[in-house]
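**Student:** when you get a sec, could you give me coordinates for this:
(one chain, ligands or ions: 1)
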Amino acid sequence: MTQNLADTSRPAADATAHEAGAGASRGWWRDAVIYQVYPRSFADSNGDGMGDLPGIRSRLPYLRDLGVDAVWLSPFYASPQADAGYDVADYRAVDPMFGTLLDADALIRDAHALGLRIIVDLVPNHSSDQHEWFQRALREGPASPLRDRYHFRPGKGENGELPPNDWESIFGGPAWTRSENPDGTPGDWYLHLFAPEQPDFNWENPAVADEFRSILRFWLDMGVDGFRIDVAHGLVKAPGLPDIGGGDQLKLLGNDVMPFFDQDGVHEIYRSWRKILDEYPGQRIGVAEAWTPTVQRTANYVRPDELHQAFNFQYLGTSWEAAELRGVIDLSLDSMRPVDAPTTWVLSNHDVTRHATRFANEPGLGTQIRTPGDRGLGLRRARAATLLMLALPGSAYLYQGEELGLPDVTDLPDEVRQDPSFFRQAGQDGYRDGCRVPIPWSGTEAPYGFGPTAGGPSWLPQPAEWAELSVEAQTGDPTSTLELYRSALAVRREQADLGAGTEVEWLDSPAGTLAFRRGSFVCTVNTTAEPVRIPAPGRLLLSSADAVVDGGETVLAPDSTDWWAV
Ligand code: NOJ
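**Tutor:** A predicted model of the protein is given here:
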């Protein structure tokens, strides 16, 4: 596969790199490429099989050289790990398995010295059941004032044996668990939209809002450049916690406004957070993980006085099909323009089947796929999809390992799985461990440089084929997916037209293909299984496959994307 046509050298980082970038005057984040690190699975410095902050720190030069602008770290806070760290017991402490606060401080400083920004995860919808507030609420019994910081309610039925309403947990089963009174008798129920170990906060209680404003300041004072806000759409619940009336609620998610999601009251919270972010120098940002029924409702989270970005899950869910892609691109850009927020683009994260495997399977299977599909096809499409994404205006999110073309691990044995949803029947998720397998760096023996010792442990087993997919194996191979990402990110840095603005100018192109112009740049995409001959739009910059330029014509390879200078 031809691809490495661009000069990928990147100027050495210096202090000014932190403020540089095409969109810096309007906001560095408007066209930033943000790389998600999943701390458990990135790099293990002490050989315990679990990734950690010193491991991440040691790999920051890799991320700088890859060419990303910022790094988003999934939670590394003190946590019993009932949901891989999205169950936080202490928001101001680093879990010992990941390191210490000093390690976090060193990581942030090193990143800044390399010109990388750091975004941390904030989990405000729920805490861990081991959080001090929740533990006290249980210990002190029904009279405890701390109970009002969560949603405790008496049960229905003669003896309170039924949950207070009909809400279902996203991870499956009822969204309520019955607590025990201090004397051992069955007590009130508490609400948890996710696992029982993740009780939901009551955001009507002012102590909750105060606490999170203080947590924001704690990490801003530590120097972080922003927050990815977990379940940003869930904090406020409809008054009275009304029944939904009917089963199969998970199917309604994302289509209907639910009494626990996307309530208008959440926006007041983000307006107050924006004021805090703006008090700090250097354009600190908030990014909403908000699942809403429409992209227009997603836009509400990024109005000028709220957060800066919201994930574009509609794009993540789109099949590899030209007309569908064009539709979602137009819709995404159109819905963000009125609020003057950049559109974001994402193909993979720690909650969904990696896109190399999604595109290897037939469309419509959702984001928890259990079959490997046609790997070659999946990888071809994944490479093409990435070049398309990186050619669009706005900010793009990459998930660790996608630059290596990693597939999902679909055959993990049940006994190694840790996704809490796997253990609860009929939840929305359940197969997320497959995208969380530690990534391969080097060597021929597991854990492939993830940990310090060949033959050492990794918390999820890596497939034997991953030796060939390691950073070391791909570096310097012009046909590798890693070098494709490096080239693409280098071109994106050099070509101001990429990423900037809010418009794409669609050009005529045959069915099953896309062509669009952005200033002096054209992107062509072939989503079909056949080669397609078109007039060459200009000088070929980069190809995800074997684009052939022949006189004034070019043949777009099946499932490919090409970048052109015009
Ligand atoms: C979204 C996170 O991305 C996911 O990993 C987590 O399980 C839920 N929120 C609950 O915190």
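**Student:** what secondary structure does Pro242 sit in?
**Tutor:** With DSSP: H, G, I helix; E, B strand; the rest coil as the basis, Pro242 sits in coil.
**Student:** in which helix or strand does the closest residue in space to it that isn't next to it in sequence reside?
**Tutor:** Of all residues not flanking Pro242 in the chain, Pro259 sits nearest, at 5.3 Å (CB to CB, 6 or more residues apart in numbering). (Glycine included, C-beta is placed from N, CA and C.) Under the criterion DSSP states H and E, no helix or strand holds Pro259.
**Student:** my guess is Pro259 meets Lys237, correct?
**Tutor:** Yes: using CB atoms under 8 Å, Pro259 makes contact with Lys237 at a distance of 6.4 Å.
**Student:** from Arg178, how far off is the closest residue to Pro164 other than its chain neighbours?
**Tutor:** Among residues not flanking Pro164 along the chain, Arg153 sits closest, at 3.9 Å (CB to CB, 6+ apart). Arg153 is 10 Å from Arg178, where distance means CB to CB, to the nearest Å.
**Student:** any shared contact partners between these two?
**Tutor:** Residues touching both Arg153 and Arg178 (CB atoms under 8 Å, 6 or more residues apart in numbering): 188-189.
**Student:** in this structure, which residue sits nearest the ligand?
**Tutor:** When distances are taken as CB to the nearest ligand atom, the chain reaches nearest to the ligand at Tyr86, 3.4 Å away.
**Student:** give me the neighbour count for the residue nearest to Pro164.
**Tutor:** Arg153: 16 surrounding residues under other CB atoms under 10 Å.
**Student:** could you do His267 as well?
**Tutor:** His267: 16 surrounding residues under other CB under 10 Å.
**Student:** what do you get for Thr100?
**Tutor:** Residues near Thr100, counting by other CB under 10 Å: 15.
**Student:** the one 5 residues further on now?
**Tutor:** For Asp105, the tally of surrounding residues (other CB under 10 Å) stands at 14.
**Student:** quick check, central residue of this protein?
**Tutor:** Nearest residue to the geometric centre of the chain (CA atoms, centre = their mean): Asn349, 4.2 Å.
**Student:** Provide a list of residues in contact with the closest residue to Tyr448 other than its chain neighbours.
**Tutor:** Closest residue in space to Tyr448, ignoring its immediate chain neighbours: Pro440 at 3.5 Å, by CB to CB, 6+ apart. Pro440 sits next to 404, 447-450, 462, 466-467, 469-471 when contact means CB under 8 Å, 6+ apart.
**Student:** nearest residue to Ala232 in space, please, no chain neighbours.
**Tutor:** Ala288 (3.9 Å).
**Student:** what do you get for Ala137?
**Tutor:** Closest residue to Ala137 apart from its sequence neighbours, by CB to CB, 6+ apart: Leu146 at 4.2 Å.
**Student:** surely the one you found forms part of a helix?
**Tutor:** Yes: per three-state DSSP, Leu146 lies within a helix segment.
**Student:** how about the nearest residue to Asn349 once chain neighbours are set aside, phi and psi?
**Tutor:** For Asn349, ignoring the flanking residues on the chain, the nearest one in space by CB to CB, 6+ apart is Tyr399 at 5.0 Å. When read as degrees, to the nearest 10, the backbone of Tyr399 gives phi -110, psi 130.
**Student:** for Tyr399, give me the pLDDT.
**Tutor:** On pLDDT, Tyr399 comes in at 98.
**Student:** now do stretch 135-154, average pLDDT.
**Tutor:** 98.
**Student:** residues contacting it, please?
**Tutor:** Defining contact as CB under 8 Å, 6+ apart, one finds that stretch 135-154 is touched by 129, 133-134, 160, 164, 176, 179-182, 187-191, 199-202, 205, 207-208, 237, 241.
**Student:** hmm, which of these are the buried ones?
**Tutor:** Buried residues within the contacts of stretch 135-154, counting neighbours by 16 or more other CB atoms under 10 Å: 129, 133-134, 160, 164, 176, 179, 187-191, 199-202, 205, 208, 237, 241.
**Student:** next up, the contacts around the residue lying closest to Thr513 once chain neighbours are set aside.
**Tutor:** The shortest distance from Thr513 to any non-neighbouring residue, by CB to CB, 6+ apart, is to Asn526 (4.9 Å). Shown in contact with Asn526 (CB under 8 Å, 6+ apart): 384, 512-513, 532, 556-561.
**Student:** need the pLDDT of Asn526.
**Tutor:** As predicted, Asn526 sits at a pLDDT of 98.
**Student:** and Gly246, by the same measure?
**Tutor:** 75.
**Student:** Met258 now?
**Tutor:** 89.
**Student:** ok so Arg337 is a strand residue?
**Tutor:** No: looking at Arg337 with three-state DSSP, it is helix, so not inside a strand.
**Student:** quick check: residues of the stretch 201-350 of the chain near the ligand?
**Tutor:** Contact residues, the stretch 201-350 of the chain versus the ligand (CB under 6 Å from any ligand atom): 230-231, 289, 350.
**Student:** and for the residue nearest to Ala137, the neighbour number?
**Tutor:** Neighbours of Leu146 under the rule other CB under 10 Å: 18.
**Student:** what's the answer for Gly499, then?
**Tutor:** Neighbours of Gly499 (other CB under 10 Å): 25.
**Student:** do the same with the one 10 residues further on
**Tutor:** Burial of Ser509 is recorded as 19 neighbouring residues (other CB under 10 Å).
**Student:** contact partners for the closest residue to it other than its chain neighbours?
**Tutor:** Spatial nearest neighbour of Ser509, excluding adjacent residues (CB to CB, 6+ apart): Ala515 at 3.9 Å. Applying CB under 8 Å, 6+ apart, we find Ala515 in contact with 506-509, 522-525, 534, 537.
**Student:** and the helix or strand where Ala515 lies, which strands flank it?
**Tutor:** According to DSSP H and E, Ala515 maps onto strand 513-518. Strand 513-518 has its sheet partners listed here by DSSP bridges as strand 505-506 (antiparallel), strand 521-526 (antiparallel).
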